[in-house]
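# Mind folding the following:
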Amino acid sequence: MPMSDRIADIRMDYKLRSFSENDAASNAISQFLTWWKEAVDSQIAEVNAMTLATASRDGIPSARIVLLKGCDERGFSFFSNYHSFKAQQLEENPRACLVFFWKELERQVRITGLVQKLSEEESEEYFNSRPEGSRIGAIASPQSQVIPGRQWLEERVKEVAGQYEGKNPPRPPHWGGYLLRPITIEFWQGRSNRLHDRLQYSLEESGNWRLDRLAP
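Numbers count the residues shown, from 1 in each chain. The predicted model follows:
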């Protein structure tokens with residue numbers, strides 16, 4: 001049997017829950033925080049892992065997994081090296097999409113919006129909360145750049161660790177946070193026979209959220 005046929009046979013019928021307009025909060029961020037709490041309470045591994053999709057100035061896309069580090073009324077925050085490939089694309093095109101997939105709850109959340117850098121103070125506060133090894137790694141690693149090999153990286157980490165032995169490794173100026181301010185947030189709840197519930201919030205000029213149901 002061709003591999004493509006075996007792949008096509010992989011399927012799952014979703015039956016755990018439903019999601020109706022009557023269940024939905026009036027505010028998209030409030031709704032996200034409700035689902036977030038349920039995901040955390042379900043003890044999902046790497047619950048804050050999300051796909052971050054970006055695109056270059058000419059529309060060439062790229063996606064990778066990053067970790068959510070904050071959510072408030074402003075939006076969703078994550079951190080990175082400002083010299084990384086994702087940072088380069090965000091500099092050229094400050095629009096992005098975040099996707100959470102919590103398979104244990106048969107749920108997906110898709111968030112699109114505009115991205116800006118967090119303040120120096122917020123980046124400093126988070127950097128200093130990280131384990132020392134992570135801070136040293138952020139200083140040592142030229143993220144997304146071509147390097148000679150693993151040994152070069154390990155030697156660079158040792159060099160930086162020695163440089164800051166007994167000291168607090170400082171946040172490098174090329175490392176910090178981003179905030180994605182959402183424009184649309186879609187909540188997807190898997191349902192039987194692929195008739196999924198899809199409720200999408202769209203931010204209006206008034207600052208209120210419009211709620212629409214999308215066909216599955």
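
# dump the residue contacts of the residue nearest to the spatial centre of the chain.
The centroid of the chain falls nearest to Met50 when counting by Cα atoms, centre = their mean (3.8 Å). Shown in contact with Met50 (Cβ atoms under 8 Å, 6 or more residues apart in numbering): Ile65, Val66, Leu67, Leu68, Phe78, Leu98, Val99, Phe100. Every C-beta, even on glycine, is put in place using the N, C-alpha and C of the backbone.

# Low-confidence ranges, the protein, go.
1-5 (pLDDT under 70).

# Tell me which stretches of it form helices.
For the chain, the helices defined by DSSP state H occupy 3-8, 28-41, 85-92, 120-129, 132-140, 150-163.

# Which of those sits closest to Leu179?
The closest of the helices of the chain to Leu179 is helix 120-129. By Cβ to Cβ, the value is 8.5 Å.

# Just the CA trace of the closest one, in PDB.
In PDB, the C-alpha atoms belonging to helix 120-129 read as follows (Å, rounded to 0.1, in the frame of the first residue of the first chain):
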ATOM      1  CA  GLU A 120      13.100  47.400  27.800                       C
ATOM      2  CA  GLU A 121      11.800  47.100  31.300                       C
ATOM      3  CA  GLU A 122       9.500  44.100  30.500                       C
ATOM      4  CA  SER A 123      12.300  42.400  28.600                       C
ATOM      5  CA  GLU A 124      14.800  43.100  31.500                       C
ATOM      6  CA  GLU A 125      12.400  41.700  34.100                       C
ATOM      7  CA  TYR A 126      11.700  38.500  32.200                       C
ATOM      8  CA  PHE A 127      15.400  37.900  31.300                       C
ATOM      9  CA  ASN A 128      16.400  38.200  34.900                       C
ATOM     10  CA  SER A 129      13.700  35.600  35.900                       C
END
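
# What about Ser80, how many residues nearby?
21 (other Cβ atoms under 10 Å).

# Same check on Asp197?
When neighbours are counted by other Cβ under 10 Å, Asp197 registers 21.

# show me what contacts it?
Ser18, Phe19, Ser20, Phe187, Trp188, Gln189, Arg191, Arg213, Pro216.

# can you check Glu159 too?
With Cβ under 8 Å, 6+ apart, Glu159 has these contacts: Ala140.

# for the chain, what's the longest strand?
strand 175-189 (DSSP state E).

# Buried residues in that strand, which are they?
Using 16 or more other Cβ atoms under 10 Å as the test for burial, strand 175-189 gives 175-180, 182, 184-189.

# repeat for stretch 117-127
Lys117, Leu118, Glu122, Ser123, Tyr126, Phe127.

# which residues does the first one bridge with?
Read it as Lys117. Tyr178 (DSSP bridges).

# now it: how far from Ile111?
Computed as Cβ to Cβ, to the nearest Å, the Lys117 to Ile111 distance reads 18 Å.

# Nice, that's everything, thank you.
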